[in-house]
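# Provided below are the primary sequence and the corresponding predicted coordinates.
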Amino acid sequence: MILSTSNRNKKAELQRVFNGLIISIGCAAFGGIYEIFGHGVYSGYMIYAFMLPLLLCVIPGALMILFDKPALPEIPRHLWNYAVATLTVGCILKGVLEIYGTTNRHLIIYPILAGILALAGAFVFFARICYDSNNT
């Protein structure tokens with residue numbers, strides 16, 4: 001049985017949304033378990049780290065499927081996912097350090113790197129649009 005291109009793309013998009021949902025659930029479970037063993041010390045960064053992949057990957061992907069919009073090209077999508085992963089890891093690490101009761105000045109690199117990755121993804125996306133419109 002051969003699937004049409006749109007069905008294959010939709011199936012791949014559904015798989016990406018499902019993977020993002022699993023990552024969000026994993027972050028929520030990790031945060032919850034870490035909070036249990038935190039001896040009553042809580043961190044907002046740890047509690048809400050699951051929302052980054054949920055809000056920045058799962059919901060936009062689900063909306064794109066729902067409204068039948070085409071998927072992002074591969075490279076901008078990967079750069080965006082790397083940006084979201086960088087922010088998520090940064091939040092979890094900041095939460096761990098807050099629960100431990102310390103700080104680290106090097107944590108500023110996570111939002112900076114995530115911003116660079118997101119801007120690179122946007123640049124590649126718009127450069128491709130411009131290149132495609134000039135070559136047609």
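Done, it's in. The model shown is predicted, which means the values in this text are computed figures rather than measured ones.

# can we go C-alpha only for contacts and neighbour counts from here?
Fine.

# all strands for this structure, in order.
In the chain, no segments count as strands under DSSP state E.

# check contacts around the residue nearest the centre of it.
Compute the mean C-alpha point of the chain, and by C-alpha atoms, centre = their mean the closest residue is residue 84, 3.2 Å away. Residue 84 is in contact with 52, 53, 56, 57, 114, counting by C-alpha atoms under 8 Å, 6 or more residues apart in numbering.

# likewise residue 80?
117, 118, 121.

# highest neighbour count among those?
residue 121 (23 neighbours; other C-alpha atoms under 10 Å).

# the closest residue to that one other than its chain neighbours: neighbour count?
Counting by C-alpha to C-alpha, 6 or more residues apart in numbering, residue 121 lies nearest to residue 76, which is 4.2 Å off, once chain neighbours are set aside. Residue 76 sits with 21 neighbouring residues when counted by other C-alpha under 10 Å.

# and residue 20, by the same measure?
If you count neighbours by other C-alpha under 10 Å, residue 20 ends up with 22.

# how much space separates it from residue 124?
Note on residue 20: its distance to residue 124, by C-alpha to C-alpha, to the nearest Å, is 22 Å.
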